[in-house]
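> dropping a prediction and its sequence here:
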Amino acid sequence: MSLLQWSKRWLITVLILLIYLLGCSLTLSVDRLGHHTEESNLSIHLVRLIINPVMLALEQNHHQLTSPEVQENVRSLAEEQGIQLSYVGLDGTILFSSDPSSQGEHIHLASALHYDLNHAGHANYGEDVVDMAFPVLHASDGIQIGNAIFTIPKAMVTVQPSSTLPYLVAGISIIIALILGILLLTMHRKIHKRLLSPVHILQHHAESILKGQYDKPIHYKHTDEVGELYAMFDLMRTEIKYLSEQRTKQEQAQKELITNISHDIKTPITTVKAYIEAILEGMCADKETLMEYMRIMQTHTDKTAQLVEDLLLHALQELGQISVEPREVYSGPTFEAMLGSFGHAVRLKGLTYETPESVPNVLIRMDTTRLEQVLANLISNALKHTHRGDTIRVHTELRADQFIVTITDTGQGIRAQDMPFVFERYFRGQSSPVSRHVQEGTGLGLSICKNIVEAHGGRISFSSKEGQGTSFQFSLPVC
């Protein structure tokens, strides 16, 4: 059932109940006019107001009722109130009375005591007085010690009915019914205006989002529950818009990645092919020229293999399946061998390559192949940001059960606006006027490094200052 249908049915039901309320009020008024009796107008509140002073004096002085002065005081209070009092013990003996002659007599408690005003009125039906009994309690422990029987003129405790009261009640009931009806109609209008209409508007916004239209803001002018719903819905729209933009950017980046890798792979393959054709055509006159051709082909083949490896790791990273198989090895000989293998490539570029004189020899659980890829990517990244004459320095140390490797270069550094995105996939930075070759590569290397290091339980970070160089650091837990 829709909210609109529910509100209509609710309104009809309440209106029917109001009509019943009005009918019941009129019926009650007519019934009160036709069945009014004198006993029904006796007021227990008036009784209590009249007897309270006498009851107070009796409870305070019950242990001294044998004293003539106390008896006279109580009789005077009863006479002032216009009533008569008989104080009866629990055995039915009259211990004190406004009529001294009745003191000492015995009464039948079951028939003489009337604690209920209506029963007392019926018992004294047709008489001008009513005999009303009240228990007398001990002041200290609250135990009943007797009963006080008051003989009170009915005229003193009878509430005279007003002939206009039933009509007044009926009039008030009609006014209340009208007010409730107006309130219900106002509530129905408010529900439609403040709840149903906003929900319909929100439905249109949801349909727009389903169609991919995320740019239209969602506003609501009231700060109530519906306003909070609108605010959350607009936050959801903003988040969906952001995710859609990110997905579009990622798809575009993937397309660019495929294009770049295709171009990067095509270039070395074309070069290798050209040199193979030259060899086949007999253009190598001597062994030295042949070896030079072979070295060039090897360089381009290594570059192609690295691109294919990056592409494979990227695909595995997308699937969350980069294979890391750590084994316990000693860091000293392992890292010395890995760092030594990069020296020739760095020096070939005309850079100074500094490695640690000794590597801390501790037991580490690591995948040697994957960590060699991390070092290769970080050193290759440093080569892209340096020029002939710069320095690439590798430092190793132990710190708080962590084996830490730091790779520092004195190159061009990273621009401040690029730093938040360094470890994101596909990000390659922007070319600076001084270094136009910074964009070389696929933009996957540092993302892959982060994934591999974290798979080993370590962390990777960097610091850089544009124009002064960059330092990458990663840590591995020691066994």
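Here it is on my side, so go on. Here the structure is a predicted model, which means the values were calculated and not measured.
> residues in contact with the spatially closest residue to Y230 that is not a sequence neighbour?
Sequence neighbours aside, Y220 is the residue nearest to Y230 in space, at 3.7 Å (criterion: CB to CB, 6 or more residues apart in numbering). Just so you know, the C-beta spots here come from the backbone N, C-alpha and C atoms, and that holds for glycine as well. Neighbouring residues of Y220 by CB atoms under 8 Å, 6 or more residues apart in numbering: 198, 226-227, 230-231.
> among these, who's most crowded?
In terms of neighbour count, Y230 stands highest of the contacts of Y220 at 20 neighbours, by other CB atoms under 10 Å.
> just say helix, strand or coil for that one.
helix (DSSP: H, G, I helix; E, B strand; the rest coil).
> pLDDT weak spots in the stretch 101-250 of the chain?
160-166, 169 (pLDDT under 70).
> tell me where it has strands.
With DSSP state E, counting those that start in this stretch as the criterion, the stretch 101-250 of the chain has strands at 129-137, 144-153.
> relative to G227, how far out is the residue nearest to Y230?
Y220 sits at a distance of 5 Å from G227 (criterion: CB to CB, to the nearest Å).
> same question for E309.
55 Å.
> returning to what we had before: export the strands of the stretch 101-250 of the chain as a markdown table, with columns for mean neighbour count.
Supplementary listing: those in a markdown table, determined by neighbours: other CB atoms under 10 Å:
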| stretch | mean neighbour count |
| --- | --- |
| strand 129-137 | 19 |
| strand 144-153 | 19 |
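> can you pull up the most central residue in the protein?
Centroid-nearest residue in the chain: M232, 12.1 Å away (criterion: CA atoms, centre = their mean).
> what sits against that one?
For M232, no contacting residues are found, by CB under 8 Å, 6+ apart.
> T151 now?
83-86, 129-131.
> before we move on, what about S97?
Per CB under 8 Å, 6+ apart, neighbours of S97: 84-87, 103.
> repeat for Q473
Contacts of Q473 (CB under 8 Å, 6+ apart): 404-407, 460-463.
> and those, which two are furthest apart?
Largest separation among the contacts of Q473 by CB to CB: V405 and S463, giving 14.5 Å.
> who has more neighbours, the two?
Taking neighbours as other CB under 10 Å, V405 and S463 compare with V405 leading, 26 against 14.
> per-domain residue ranges of the chain.
The chain breaks down by automatic domain parsing into domains covering 3-36+163-196, 41-157, 204-262, 264-317, 323-477.
> what's the end-to-end length of the longest one?
The distance separating the two terminal residues of domain 323-477, taken as CA to CA, to the nearest Å, comes to 19 Å.
> which residue of this structure lies farthest from its centroid?
Most peripheral residue of the chain (CA atoms, centre = their mean): S101, 82.6 Å.
> any idea how far I94 is from that one?
10 Å.
> which stretches of the protein form helices?
3-34, 44-61, 68-81, 109-112, 117-123, 154-157, 165-191, 197-210, 225-280, 287-318, 331-348, 368-384, 445-455 (DSSP state H).
> I'd like the ones you listed as a markdown table, with distance to Q144 appended.
Formatted as a markdown table, the helices of the chain follow (distance: least, CB to CB, whole Å):
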| stretch | distance to Q144 |
| --- | --- |
| helix 3-34 | 37 |
| helix 44-61 | 11 |
| helix 68-81 | 19 |
| helix 109-112 | 12 |
| helix 117-123 | 19 |
| helix 154-157 | 24 |
| helix 165-191 | 39 |
| helix 197-210 | 66 |
| helix 225-280 | 58 |
| helix 287-318 | 91 |
| helix 331-348 | 96 |
| helix 368-384 | 95 |
| helix 445-455 | 85 |
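> now for the ones you listed, which one comes closest to A400?
helix 331-348 (15.5 Å).
> and that closest one, what's buried?
Neighbour counts over helix 331-348 (16 or more other CB atoms under 10 Å) mark 331, 334-336, 338-339, 342, 345-346 as buried.
> how about those in a markdown table, adding pLDDT?
Shown next, in a markdown table, are these (pLDDT from 0 to 100):
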| residue | pLDDT |
| --- | --- |
| S331 | 93 |
| T334 | 93 |
| F335 | 93 |
| E336 | 92 |
| M338 | 90 |
| L339 | 91 |
| F342 | 88 |
| A345 | 82 |
| V346 | 89 |
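> biggest separation within these, which pair?
Once CB to CB is applied, the buried residues of helix 331-348 give S331 and A345 as the farthest pair, at 22.4 Å.
> filter the contacts of Q473 down to just the buried residues.
404-407, 460, 462.
> just the residues you listed now: which is nearest L77?
Each of those was scored against L77 by CB to CB, and I460 proved nearest at 99.0 Å.
> excluding chain neighbours, what is closest to that closest one?
F474 (4.0 Å).
> pull the number of nearby residues for that neighbour.
25.
> residue contacts, it?
F474 touches 374, 404-405, 449, 453, 458-461, counting by CB under 8 Å, 6+ apart.
> what about the residue nearest to H114 when sequence neighbours are not counted, neighbour count?
Using CB to CB, 6+ apart and skipping residues adjacent in sequence, the residue nearest H114 is A120, 3.8 Å away. Number of residues near A120 (other CB under 10 Å) recorded here: 26.
> likewise for S25?
By other CB under 10 Å, neighbour count at S25 equals 19.
> I'd guessed it sits against I175; true?
No: contact criterion CB atoms under 8 Å: S25 and I175 do not qualify, at 11.0 Å.
> make a markdown table from the contacts of F474 and add distance to R9 to it.
Listed next are those as a markdown table, based on distance: CB to CB, whole Å:
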| residue | distance to R9 |
| --- | --- |
| V374 | 69 |
| I404 | 73 |
| V405 | 74 |
| C449 | 66 |
| V453 | 65 |
| G458 | 65 |
| R459 | 63 |
| I460 | 65 |
| S461 | 65 |
